[in-house]
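A.B. asks: Just a sequence and a predicted model for now, questions to come.
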Amino acid sequence: MEQVKNEKIQEFLNNLKNKFRFLNKYDYNINEVIGVKGQERYILYIDKKLIRIYRGKLKSSPLLATYLPIENAIFYNFKVEKSVIEKVDLKSFIETKVYDEAGVDDTEDYIIKYKVVEYLKDEKYVMIETVIVPVTFLNNHYKYILEETGYIDYISFPAFAYRALYEEKILQKANDLFIVLLYDKIFLTFYSEGELVYIQTLSNGLDKVFDALKPLKIKDFNAELFKKLLTKKGLVISKYSTAEFVVLDKIKKEMRNISRVIKEQIDSFINQYEIDEIDRIFITSEYGRIEGLEEFIKKELNIETYNFEFYEKYNLDRLPVDPFLFLGMLEAHYAYKNNDQRYNFSLFLRRPTFFYRPSGKLLLFSFISIVLMIAYPIYLWINGMIYESKNKSLQHKISILKKEQSGLNAQLKVLTEKEKKLNKEISSYEKEIKRVQKFIESVYQFKFSYIPKSQELVDISFLMNKNGVFADNISYENGIYIIKVFSYKESAIPNLIKELSDNGFSVNFDEIVYKDKKYNSVIRIKE
């Protein structure tokens, strides 16, 4: 009953805000979202579950949303101990990692959004998934929108936008894999129970299919014809003539290779994370839906597979909406509804309403000052009358309080004497406590003065993990730890050796050799 009452109050307040928007800090309607991509403009009416072509002015009360193309983002993930992220400023820690290790340009500014994932089988660690976008790209890519409006309320990215599908009840929560086939790569996003778990890009893209078809000497074969071939005929045998079966065979062969790469990634993912299986796959391409691809992938991977037409129940007019644009619109609504801007890449939020701007505040202040100047004399007269009455009452109370004061002074004198006695007792107790503490410390030092060998191994393991160095084999002979190590970073092993030496270990090592795409050596640490 209480919940229903609170919901009605909240609904009343929301209606009031919509009627008097000029009193709100921002003048937007979160239940209507305009999506823009080039010349494509749609408006999503959330409450009506309706999406339509938008022909009005972009600068208006609905939220304005667009999305980041996948190919213009950089992805970087890394494991880190839970104990570490509890001790650091996480945002600064991630930014430092990105600039040091993600291969970004140090001279460029980036917007970095991240998700901390706790689904790893090794519970000591979490995975940090980051999406990195250059500021110069944001400034240049959306000029055509900014020139018309001056603002963009929300810029989404598909990997983060999928969450809105679950929040808006379009998808039931499950273990889902979202796949986007780009020309030169495959973009994978894993979600478990509505939460982002993993982002990955693979090198096998649609360019492999394009290259396989070029030797067939198809008439006027180019990128545009390739796009039409996939989206109009794709993998559906009935759409090919007998003479064209060789084309279909080539497409199927390359798609099987893509399926194999995806399967390998799924297996790797399941081995690393606390997830037993993938329940569903949703797949599309940068060209849109590829005919027959869902059925093909389902057969190859034995997993239920669907396309990206998530907007089905909103699309009453059967519009050819870009699914990523729809996702961006949906996420914009969710983010503003829940005041959750974690994954908003926009640097161009709209200006506050008039009374929240400096000029509006000045006008409002001036108006209030004039009203106060007129009201002040009236206030003084009324206040004088009230003061006279209060003065008589206060004089009577003062005489009573003076009598009480003399009694309290006598009590204060007695309490002061007690305080002096208590301070002497406290001083005595403090001396006794210090004596006992000194005794306990001496016992502790005696008990734990011997550090077992296992502590040395713990210290060595900590420094190896810190520097990204891994052990192939550890042995112990004649007081010497012999550790066969490798790392994927050239400076990691030298850094480890330096830190071991700095921490008091006696170290020597074999020559560092680069083999099998990693740096290898043998470290000997004298006990």
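C.D. replies: Received the coordinates, thanks.
A.B. asks: quick check: domain ranges of this protein?
C.D. replies: Domains of the chain are assigned by automatic domain parsing as 376-450, 454-526.
A.B. asks: between these, which one is nearest to Pro158?
C.D. replies: Between Pro158 and the domains of the chain, the shortest gap by CB to CB is with domain 454-526, which sits at 28.7 Å. Any C-beta I mention is one placed from the backbone N, CA and C, and that applies to glycine too.
A.B. asks: so what pLDDT did Val507 get?
C.D. replies: Note on Val507: pLDDT of 88.
A.B. asks: What are the neighbouring residues in contact with the nearest residue to Lys59 once chain neighbours are set aside?
C.D. replies: Nearest in space to Lys59, with sequence neighbours left out and distances taken as CB to CB, 6 or more residues apart in numbering, is Thr149 at 4.4 Å. Neighbouring residues of Thr149 by CB atoms under 8 Å, 6 or more residues apart in numbering: Leu58, Lys59, Leu64, Arg350.
A.B. asks: cool, Gly234 as well?
C.D. replies: The contact partners of Gly234, by CB under 8 Å, 6+ apart, come to Ile251, Ile290, Glu291, Gly292, Leu293.
A.B. asks: List phi and psi for the second one.
C.D. replies: Just to be clear, that refers to Ile290. Dihedral angles of Ile290 (phi, psi; degrees, to the nearest 10) stand at phi -90, psi 120.
A.B. asks: That one touches Thr231, doesn't it?
C.D. replies: Yes. Between Ile290 and Thr231 there is a contact under CB atoms under 8 Å: 6.3 Å.
A.B. asks: okay, those two: which has more neighbours?
C.D. replies: Here Ile290 and Thr231 are compared on neighbour count by other CB atoms under 10 Å; more neighbours surround Ile290, at 27 against 15.
A.B. asks: quick revisit: buried subset of the contacts of Thr149?
C.D. replies: Buried by 16 or more other CB atoms under 10 Å: Leu58, Leu64, Arg350, out of the contacts of Thr149.
A.B. asks: OK, contacts around Pro158?
C.D. replies: For Pro158, the contacting residues are Tyr67, Leu68, Ile70, Phe178, Val180, Phe187, Thr189, Phe324, Leu327, by CB under 8 Å, 6+ apart.
A.B. asks: Narrow the residues you listed to those in helices?
C.D. replies: Counting by DSSP state H, the contacts of Pro158 place Phe324, Leu327 in helices.
A.B. asks: What about the contacts of Pro158, which one has the most neighbours?
C.D. replies: Counting neighbours by other CB under 10 Å, Leu327 comes out on top of these with 27 neighbours.
A.B. asks: So that one sits against Tyr67, correct?
C.D. replies: Yes. Here Leu327 reaches Tyr67: they are 7.0 Å apart, a contact under CB under 8 Å.
A.B. asks: which ones among the buried ones among the contacts of Thr149 are found in strands?
C.D. replies: Secondary structure defined by DSSP state E assigns Leu64 of the buried ones among the contacts of Thr149 to strands.
A.B. asks: between the buried ones among the contacts of Thr149, which is closest to Phe93?
C.D. replies: Minimum separation from Phe93 among the buried ones among the contacts of Thr149 (CB to CB) is found for Arg350, which lies at 31.7 Å.
A.B. asks: what number of residues lie near the residue lying closest to that closest one once chain neighbours are set aside?
C.D. replies: Among residues not flanking Arg350 along the chain, Tyr151 sits closest, at 3.7 Å (CB to CB, 6+ apart). Tyr151: 17 surrounding residues under other CB under 10 Å.
A.B. asks: try the one 4 residues further on
C.D. replies: By the other CB under 10 Å criterion, the neighbourhood of Ile155 contains 24 residues.
A.B. asks: try the one 4 residues further on
C.D. replies: Ala159 is surrounded by 27 other residues when neighbours are defined as other CB under 10 Å.
A.B. asks: my guess is it contacts Val131, does it?
C.D. replies: Yes. Shown here, Ala159 and Val131 form a contact pair, counting by CB under 8 Å, at 6.3 Å.
A.B. asks: Overlap in contacts, the two.
C.D. replies: Common contact partners of Ala159 and Val131 (CB under 8 Å, 6+ apart): Ile199.
A.B. asks: Just the contacts of Pro158: which are in strands?
C.D. replies: The strands, defined by DSSP E, take in Tyr67, Phe178, Val180, Phe187, Thr189 from these.
A.B. asks: Any buried residues in stretch 322-329, and which?
C.D. replies: By neighbour count with 16+ other CB under 10 Å, stretch 322-329 contains the buried residues Asp322, Pro323, Phe324, Leu325, Phe326, Leu327, Gly328, Met329.
A.B. asks: And stretch 484-502, by the same measure?
C.D. replies: Residues Val485, Phe486, Ser487, Ala492, Ile493, Asn495, Leu496, Ile497, Glu499, Leu500 are the ones in stretch 484-502 that count as buried (16+ other CB under 10 Å).
A.B. asks: Quick check: the farthest pair among those residues?
C.D. replies: Greatest spacing in these, by CB to CB: Phe486 and Glu499 (17.2 Å).
A.B. asks: Do a quick rundown of the strands in the stretch 301-450 of the chain.
C.D. replies: Using DSSP state E, counting those that start in this stretch, the strands of the stretch 301-450 of the chain run over 304-306.
A.B. asks: coming back round to it: quick check: neighbours shared by Ile290 and Thr231?
C.D. replies: Shared contacts of Ile290 and Thr231, defined by CB under 8 Å, 6+ apart, are absent.
A.B. asks: Quick check: buried residues in stretch 510-527?
C.D. replies: Result for stretch 510-527 [16+ other CB under 10 Å]: buried residues Ile512, Tyr519, Asn520, Ser521, Val522, Ile523, Ile525.
A.B. asks: related to what we said a few turns ago, for the contacts of Pro158, could you give me TSV that also reports distance to Arg280 and pLDDT?
C.D. replies: Supplementary listing: the contacts of Pro158 in TSV, determined by distance: CB to CB, whole Å; pLDDT from 0 to 100:
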residue	distance to Arg280	pLDDT
Tyr67	22	96
Leu68	24	96
Ile70	20	93
Phe178	9	97
Val180	15	97
Phe187	17	96
Thr189	13	96
Phe324	19	96
Leu327	16	96
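A.B. asks: Which members of the contacts of Pro158 are the farthest-apart pair?
C.D. replies: Pairwise over these, using CB to CB, the maximum falls at Leu68 and Phe178, 15.2 Å.
A.B. asks: Just give me the closest of the buried residues of stretch 484-502 to Ile94.
C.D. replies: Proximity of the buried residues of stretch 484-502 to Ile94 (CB to CB) peaks at Ala492, which lies at 19.9 Å.
A.B. asks: just to revisit the earlier point, sort out for me which of the contacts of Gly234 are in helices.
C.D. replies: Judged by DSSP H, helices contain the following of those: Ile251, Leu293.
A.B. asks: looking at the contacts of Gly234, which has the most residues close by?
C.D. replies: Using other CB under 10 Å as the neighbour criterion, Ile290 leads the contacts of Gly234 with 27 neighbours.
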